[in-house]
Structure formats: structure tokens, C-alpha cells
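S.K.: Quick one, structure for this:
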Amino acid sequence: MDHTKRKPNFIQSSKEEPKKFRNEYNPSTTEGAVVVALEELVSRIKADHKIQKKVDEPFSINMFSAGKSTTEIKGQFVFFQVLIDCLLRLKSNQKDKDELITWCENEYKGNHQDLAYVNEFQKNYSSNKALWWYTRDSFFYKTISGALRRQNIHMIFLYRAFISDIHRQLQYYQAKKPLRVYRSQMISSEELNNLKQCLGQYMSINSFFSTSTDYDKAIWFLGSADTSKNLEQVIFIINADPKMVTTKPFADISACSEFSDESEVLFMLGSIFRIDSINRDDNQIWIIRMTLCNEDEHELKKVLMHMKQQIGSGETNLRTLGKILWKMGELNLAEQYFKRLLRELMSDDPLRCSLYEDLAELASLRQDYDMSVEWHQKSLVFKEKNPLAINSNMNTTSNFT
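M.R.: Numbers count the residues shown, from 1 in each chain. Presented below is the predicted three-dimensional model:
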């Protein structure tokens with residue numbers, strides 16, 4: 001493939017691009033044909049604008065290098081995988097969805113277009129339209145991508161039902177044969193250096209990863225990117241074999257996208273890739289070749305397997321999520337979800353006893369010993385009122401401790 005052919009920016013190329021968008025004056029052209037061509041052009045501009053924003057968006061990844069990574073970086077790599085696994089199996093409820101809608105209404109207050117999308121979403125969303133909503137240039141894509149990119153765990157928590165819907169659709173449309181796909185991206189010099197240091201090692205993407213089967217299109221959007229921020233131009237060339245898929249599917253989503261002619265292949269968030277090579281071409285574009293991997297290939301396999309076994313294979317709950325966040329050092333969030341679960345449980349639910357003890361231990365870790373004593377007292381009172389709770393609770397709680 002010739003890497004020397006660069007397409008000019010959007011405004012220049014639109015003159016020579018697609019003949020299908022040309023609608024030169026012709027007396028025989030019907031008004032209907034003009035309208036159709038105009039609608040097609042508007043749709044194309046919207047699609048191009050959305051892809052261009054992805055190219056310029058900050059890139060969020062976790063990297064793992066066997067020889068050079070710190071324990072903290074390895075922990076981030078592992079815990080993000082476990083966190084997503086937990087959230088995908090954590091049942092959502094109407095209260096969570098209402099909280100998400102309220103947040104979006106407040107976030108986009110005064111923005112009539114996005115508020116209209118929020119209202120439409122609330123009334124018409126269905127699980128088989130998750131990818132369609134994700135590909136629309138609306139609040140849904142902006143908020144879910146922003147939450148994943150910034151690792152806003154509570155927003156990811158609120159979006160988990162819709163992330164699960166996207167996951168199921170990707171499984172349904174899972175590619176059946178190996179693909180080579182491309183992604184153009186602007187990244188900082190620091191990010192590029194971090195990638196170079198992990199050559200031959202692994203990285204996981206913290207968001208859904210959008211790629212194209214069209215190399216020329218990827219190059220074209222890179223040529224249109226904002227170069228005023230001293231960022232490096234990068235093309236990721238990815239070899240993806242469906243045989244490598246265990247829990248993170250990838251699929252051509254054209255059939256369920258708002259833009260059906262985009263040749264877009266979407267990878268599930270948390271997908272793991274091996275960095276095979278990093279070279280600069282004659283046009284000063286960095287070419288990064290990667291291969292899709294599964295969780296069984298890297299040195300953290302045993303750690304991941306152990307942690308996932310502790311979570312179990314069935315439905316998770318807010319206590320499991322809190323325990324994971326606790327191990328991640330997110331004590332405030334862990335406390336938040338323990339208390340959230342307490343508010344949802346019946347007064348005699350045996351799980352309350354474990355939550356009281358969890359909260360007592362958290363308070364002790366913060367050296368808030370008075371609060372720790374209060375939670376311990378609640379646990380003792382509960383046990384006195386519900387003597388069968390201890391044995392029952394041992395059979396119903398997670399092994400994640």
C-alpha cells in the first residue's frame with residue numbers, strides 16, 4: 001500500500017470527492033432528485049464531522065510492559081478489565097436510568113437539540129438500537145465516550161445497561177473472518193513515547209474503538225486533523241482475528257449504524273492489542289501495527305483469571321463493585337456503592353450485615369474510628385434481630401474480599 005498518497009483537507013477534497021454529490025444544473029433534473037442529493041450530502045458531512053472529532057479526541061489506554069511497567073500501571077490494566085466484566089453483569093434498574101436522564105437534562109440545559117435527543121432517547125430507546133444511538137452525533141455518544149475516556153466510574157456505572165446492549169449487538173454481528181482495519185489518531189509526543197516503550201507488549205483501549213476497513217479514508221481524515229496543538233499524526237493498522245475473541249467482540253456495524261456506508265468496524269471497550277511495530281513513513285506519519293489479543297496471551301492471565309473467579313460467573317451486585325473499587329483505592333466510590341445498595345435492600349436482607357462490616361472497615365482505614373464503631377454496632381444489632389442472617393449471608397455474598 002502506498003503511504004505517500006495523502007489526501008488534502010476536507011474543504012479542498014470536497015470539490016473533487018464524490019461524483020454522487022455533484023448536482024450540476026440540468027433542466028431535466030427533478031426537484032426530488034435535488035432534495036435526495038442534498039440530504040445525502042448533509043448526511044455525509046455529518047458522518048465526516050463525527051469521524052473527524054474521533055481523530056482529534058484524546059486517546060485513553062492502559063498499557064502493560066512486562067519489564068518496564070510499574071505496579072500501578074499493571075494494576076490499572078488489570079482492574080479496568082475486571083471492572084468492565086463486573087459492570088456488564090450488574091443488573092440495571094429504573095432508578096439508575098432515571099438518574100442518568102436527569103444528569104443529561106442538567107448537563108445539556110439550554111441546548112435544545114441535545115435535549116430533544118435526550119427526550120427521544122427516554123421515550124424510544126430499545127436494546128436493539130444501541131449501536132444506532134452510539135453512531136449518532138448526539139448526547140449519547142458524547143457522554144458515554146467522555147465518561148470512558150476520563151474514567152468517570154459513576155457515569156460508566158449509570159451507562160452500564162447501554163454498554164451491555166452494545167456488547168450484545170457486537171456479539172451478534174461479530175466478524176466471522178480475519179480483518180485488517182485502520183484508525184487515524186492525533187496523539188501527544190508523550191503518548192507516542194509510551195507506546196514505543198511498550199513495543200512488543202500490550203495495551204487495552206478504555207473506550208469503544210472505532211476503525212475503518214478503508215485505509216485511504218483513514219489517511220484522508222488524518223490530513224484534515226487539527227495540527228495546531230503539536231500532536232503526532234498516527235495510523236493504527238490492526239490485524240483482528242475472530243478466533244482471538246473471548247469476551248471482547250468486534251464487528252462491522254454498518255447494518256445498524258446511522259451512517260450505513262461508513263465501513264466502520266467497532267471493537268468492544270477494553271479490547272487488548274499487542275503493539276507489533278512503530279515506524280515513521282516518508283510523510284512523517286507514524287504507522288503503528290497492532291494485533292488483537294485475548295486475555296489468555298499476556299503475563300497477567302493468571303491474575304485476571306483469579307480476580308474474575310473471585311467475582312464468580314453469575315450476576316454481580318453493588319457490593320462486588322464496591323469491593324473492586326476498594327482494591328483500586330477508590331474508597332469514596334466504594335463507600336458510595338455500599339450505601340446505595342443498603343438503600344435498595346429490604347430491612348431484613350442478610351447482605352446488610354456484610355455491608356455494615358465493610359463500611360466499618362472502610363471508616364477504620366480512614367482513621368474515622370467513631371464512624372467505624374457506629375457501623376459495627378449496626379452489624380451487631382442486625383445479627384441480634386436476624387440470627388439466621390449469618391449463615392444465609394455466607395451463601396449469598398461474593399468471594400471477592
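S.K.: Show me the strands in this protein, by range?
M.R.: 61-64, 179-187, 202-205, 209-212, 232-240, 250-252, 264-267, 272-280, 286-293 (DSSP state E).
S.K.: got the domain boundaries for this protein?
M.R.: In terms of domains, the chain is parsed into 1-16+31-298, 317-396 (source: automatic domain parsing).
S.K.: Reformat those as CSV; add distance to residue 308 and mean pLDDT.
M.R.: To be clear about C-beta, it is placed using only N, CA and C from the backbone, and glycine gets the same treatment. Listed next are these as CSV, based on distance: least, CB to CB, whole Å; pLDDT from 0 to 100:
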stretch, distance to residue 308, mean pLDDT
domain 1-16+31-298, 6, 83
domain 317-396, 11, 91
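S.K.: Using a markdown table, please lay out those domains together with distance to residue 304 and mean neighbour count.
M.R.: A markdown table is the format used below for the domains of the chain (distance: least, CB to CB, whole Å; neighbours: other CB atoms under 10 Å):
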| stretch | distance to residue 304 | mean neighbour count |
| --- | --- | --- |
| domain 1-16+31-298 | 6 | 17 |
| domain 317-396 | 13 | 16 |
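S.K.: Save these as JSON lines, and put in distance to residue 311 too.
M.R.: Listed next are those as JSON lines, based on distance: least, CB to CB, whole Å:
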{"stretch": "domain 1-16+31-298", "distance to residue 311": "6"}
{"stretch": "domain 317-396", "distance to residue 311": "6"}
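S.K.: among the strands of the chain, which is nearest residue 337?
M.R.: Nearest to residue 337 among those is strand 61-64 (22.0 Å), distances taken as CB to CB.
S.K.: What pairs with the closest one, parallel or antiparallel?
M.R.: Using DSSP bridges, strand 61-64 pairs in its sheet with strand 202-205 (antiparallel).
S.K.: and the partner strand, C-alpha only, in CSV?
M.R.: Provided in CSV are the C-alpha atoms of strand 202-205 (Å, rounded to 0.1, in the frame of the first residue of the first chain):
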residue,chain,number,x,y,z
TYR,A,202,0.1,-5.0,25.4
MET,A,203,-2.4,-2.1,25.6
SER,A,204,-6.1,-2.0,26.3
ILE,A,205,-8.4,0.6,25.0
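S.K.: distance of residue 209 from residue 247?
M.R.: According to CB to CB, to the nearest Å, residue 209 stands 15 Å off from residue 247.
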